[in-house]
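Enquirer: Below are the sequence and a predicted model for it; my questions follow.
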Amino acid sequence: MPPQFRIAIGQLCSSSNLQKNLKIVTQLISQAIDKDVKLILFPEATDFLSRNASHSHYLADQTPAFINDLQHSIRTLVQEKSKRIDVSIGVHLPSSNPAEDSRTQNVLLYINYNGQILDTYQKLHLFDVNIKNGPILKESQSVQPGTILPNVIQTPVGKLGTAICYDIRFPEHAAYLRSMGAQLLCYPSAFTMKTGAAHWETLGKARAIDNQCYVIMPGQQGKHNVYDDNWHNETESPTVLVERQSWGHSMIINPWGDIVAEANSSIEHQLVVADLDYELMQTVRENMPLLKHMRKDIIYN
């Protein structure tokens, strides 16, 4: 019999070509089904990586078709292989109210084996960094911040708490999900090279240990081809090329803080597979009952 709680990360290096990205996603889902995976999780911005806010706005209009084709592919693969798999995937959506705010939405979709979207989480924390004499990164220039706390989703492999990338730096986000019953925390990401090298693994282990959950970290990896489409803007300088590169190093961390599966750092498109051990989780939580020990009677001035 196949393992009951087998999950996988589908790591890739998304370009600005949604159809090419979808082809890779479909191939990874097919491979995961063959390995008896029950849930596969893809990174943030799996549909595309863009070179600026205007480009993102243009590409996001193509994402509904990307999602529709993905839903069809999931249904087809499940029928062909007679095995079920659910999919968690980070994408962009066009603005829900373009007259007031034209910025795209950075969301995480949970799609079941029937191709039904069961949950949509919109990223709460946006990566806005302005370092003196250093880089300026303003995600909020192109992305709307979410306003609704995420759900905990009942999946075939356990209760999944949702988050996206920069959310991992806010421990109260993870603590809320644990308080709502989460057993798994996912952080689909496109981490920068510098912050990835410094903090990716440490943050993942911290959230796993803090909350006694499995932490699943699907990461974009490699140099993104953000010129792989037909968009052109007159304001762009033809001599200044935008470079996008993501840290990758996708991994799965258990509730004790051990890495149980990790991507090969030299391969962009790959599966990272692990079997979840709920006896280990139960032992960790019983031996160190953090929720019971948490002081809720303290008044902070």
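Expert: Ah, there it is.
Enquirer: which residue ranges form the helices in the stretch 101-250 of the chain?
Expert: Along the stretch 101-250 of the chain, the segments classed as helices by DSSP state H, counting those that start in this stretch run 171-179, 193-211.
Enquirer: List the buried residues of the longest one.
Expert: This points to helix 193-211. Neighbour-count burial for helix 193-211, with 16 or more other CB atoms under 10 Å as criterion, is recorded at 195-196, 200-201, 203-211. (Each C-beta comes from the backbone N, C-alpha and C, glycine too.)
Enquirer: sorry, back to before: could you dump the helices of the stretch 101-250 of the chain to TSV with distance to Ile252 and mean pLDDT?
Expert: Putting these into TSV (distance: least, CB to CB, whole Å; pLDDT from 0 to 100) gives the following:
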stretch	distance to Ile252	mean pLDDT
helix 171-179	16	98
helix 193-211	9	97
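Enquirer: Arg6 is nearest to which of those helices?
Expert: Between Arg6 and the helices of the stretch 101-250 of the chain, the tightest spacing by CB to CB is seen for helix 193-211, at 18.7 Å.
Enquirer: Next, name the residue at the spatial heart of the chain.
Expert: Pro188 (1.7 Å; CA atoms, centre = their mean).
Enquirer: surely that residue meets Pro218?
Expert: Yes: in terms of CB atoms under 8 Å, Pro188 counts as a neighbour of Pro218; the distance is 4.7 Å.
Enquirer: list residues touching both of the two?
Expert: Listed contacts common to Pro188 and Pro218 are Leu41, Phe42, Pro43, Glu44, Gly90; contacts here mean CB atoms under 8 Å, 6 or more residues apart in numbering.
Enquirer: Need the max-distance pair from those residues.
Expert: In terms of CB to CB, these reach their longest pairwise distance at Leu41 and Glu44, which sit 10.7 Å apart.
Enquirer: These two: which is more packed in?
Expert: Leu41 (30 against 27; other CB atoms under 10 Å).
Enquirer: now the more buried one: how far from Val91?
Expert: If you measure Leu41 against Val91 using CB to CB, to the nearest Å, the figure is 13 Å.
Enquirer: for Met288, same thing?
Expert: To Val91, Met288 is 37 Å away according to CB to CB.
Enquirer: Out of those two, name the residue with the larger neighbour count.
Expert: More neighbours sit around Val91 than around the other of Met288 and Val91, counting by other CB under 10 Å; the figures are 27 against 13.
Enquirer: rewinding a little: of the shared contacts of Pro188 and Pro218, which is the nearest to Gly257?
Expert: Looking at these and their distance to Gly257, the nearest is Leu41, at 19.5 Å (CB to CB).
Enquirer: Let me know the pLDDT of the closest one.
Expert: In this model, Leu41 is scored at 99, pLDDT.
Enquirer: from what I can see it touches Leu184, true?
Expert: No: the criterion here is CB under 8 Å, and Leu41 misses it with Leu184 at 9.2 Å.
Enquirer: what helix or strand does Met281 sit in?
Expert: When elements are defined using DSSP states H and E, Met281 is found to belong to helix 278-287.
Enquirer: name the helices or strands packed onto that helix?
Expert: In this structure, helix 278-287 makes packing contacts with no helix or strand, judged by 3 or more CB pairs under 8 Å, 6 or more residues apart in numbering; DSSP states H and E.
Enquirer: mind listing what's buried in that helix?
Expert: Taking 16+ other CB under 10 Å as the basis for neighbour counts, the residues of helix 278-287 that come out buried are Met281, Val284, Arg285.
Enquirer: Reformat those residues as a markdown table; add pLDDT and distance to Phe66.
Expert: Below are the buried residues of helix 278-287 laid out as a markdown table (pLDDT from 0 to 100; distance: CB to CB, whole Å):
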| residue | pLDDT | distance to Phe66 |
| --- | --- | --- |
| Met281 | 98 | 35 |
| Val284 | 98 | 39 |
| Arg285 | 98 | 39 |
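Enquirer: okay, and for the stretch 101-250 of the chain, where does confidence drop off?
Expert: Confidence mapping of the stretch 101-250 of the chain against pLDDT under 70 gives the ranges 131-136.
Enquirer: Could I get the full set of strands for it?
Expert: 104-111, 117-122, 128-130, 136-138, 143-144, 152-155, 158-161, 184-186, 214-217, 221-224, 244-247 (DSSP state E, counting those that start in this stretch).
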